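Got a sequence here, can you build the structure:
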Amino acid sequence: MPLASGLRVVTDSAPLWILTELASVLGPEDDRLLWHALVDVLVADLALVTSDYRARESVLLQIGTCSRWLRPHQTRWTAAGGFAWPSGYGDGQGGHSSLALPQLDASMVFHVDSDGGGWRRIEGRPGGRPLVLRVAVPARTARHRSAAIHTIWLPGTPRSPERKRTRFLGFRRERAAWQLVADSAPLWEAPTRAS
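Okay, here's the model as predicted:
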């Protein structure tokens, strides 16, 4: 999948390399163990959904932190005992709703090879109309024992390129480890499932 000229590309395929790259967008209160657990889930899921993808459009992972969630104590996602609803302030122009995208304070973009195994960090924007998995992770996760992650495919997934797909991932910290305990729309389910 060709990238537009002028993009800086860093190549590697290991999830640990992704975590090393992401370290520059994380603050001192962002729990690295949560990020490790999340990247493990994302790498496995992206390998699954891109395994038979052969179209021209690039598949990108945009992942970053969000420190401004929409009234997190007023709205709940009730899965696995409950989480703050993972939605944000939208476009930053003052409008907001429970359906708005969380704004990313800082993020990185990675290009995913069609087999899901090769990763390249990119700076800039690829040509064409890429399929982007946008992931918003709450900031300051070292203070909390649960985290609801907001993900959305824009404009759609590799299997349904014309249909946005929102998915929440719920993680809980038990002792020193973070576990995925809730998933609003597992990727292995039918693409028509409502999220």
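
hey, let's count contacts and neighbours off CA atoms from now on
Noted.

any low-confidence regions in the protein?
Scanning the chain for pLDDT under 70 picks out 1-14, 70-74, 88-99, 114-117, 187-195.

Tell me which stretches of it form strands.
8-12, 59-66, 76-77, 83-84, 106-112, 119-123, 131-138, 146-154, 165-174, 177-183 (DSSP state E).

tally of neighbours for Pro28?
By other Cα atoms under 10 Å, 11 other residues sit near Pro28.

tell me the contacts of the residue nearest to it when sequence neighbours are not counted?
Sequence neighbours aside, Arg140 is the residue nearest to Pro28 in space, at 7.9 Å (criterion: Cα to Cα, 6 or more residues apart in numbering). Contacts for Arg140 (Cα atoms under 8 Å, 6 or more residues apart in numbering) come out as 27-31, 67.

follow-up on the earlier one: can you put the strands of the chain in JSON lines and add mean neighbour count and distance to His36?
Below are these laid out as JSON lines (neighbours: other Cα atoms under 10 Å; distance: least, Cα to Cα, whole Å):
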{"stretch": "strand 8-12", "mean neighbour count": "14", "distance to His36": "17"}
{"stretch": "strand 59-66", "mean neighbour count": "23", "distance to His36": "13"}
{"stretch": "strand 76-77", "mean neighbour count": "16", "distance to His36": "23"}
{"stretch": "strand 83-84", "mean neighbour count": "21", "distance to His36": "20"}
{"stretch": "strand 106-112", "mean neighbour count": "20", "distance to His36": "15"}
{"stretch": "strand 119-123", "mean neighbour count": "20", "distance to His36": "16"}
{"stretch": "strand 131-138", "mean neighbour count": "24", "distance to His36": "12"}
{"stretch": "strand 146-154", "mean neighbour count": "22", "distance to His36": "13"}
{"stretch": "strand 165-174", "mean neighbour count": "20", "distance to His36": "12"}
{"stretch": "strand 177-183", "mean neighbour count": "17", "distance to His36": "9"}
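
possible to save those as a markdown table with distance to Asp40?
Below are those laid out as a markdown table (distance: least, Cα to Cα, whole Å):
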| stretch | distance to Asp40 |
| --- | --- |
| strand 8-12 | 15 |
| strand 59-66 | 13 |
| strand 76-77 | 23 |
| strand 83-84 | 21 |
| strand 106-112 | 14 |
| strand 119-123 | 13 |
| strand 131-138 | 14 |
| strand 146-154 | 14 |
| strand 165-174 | 13 |
| strand 177-183 | 10 |
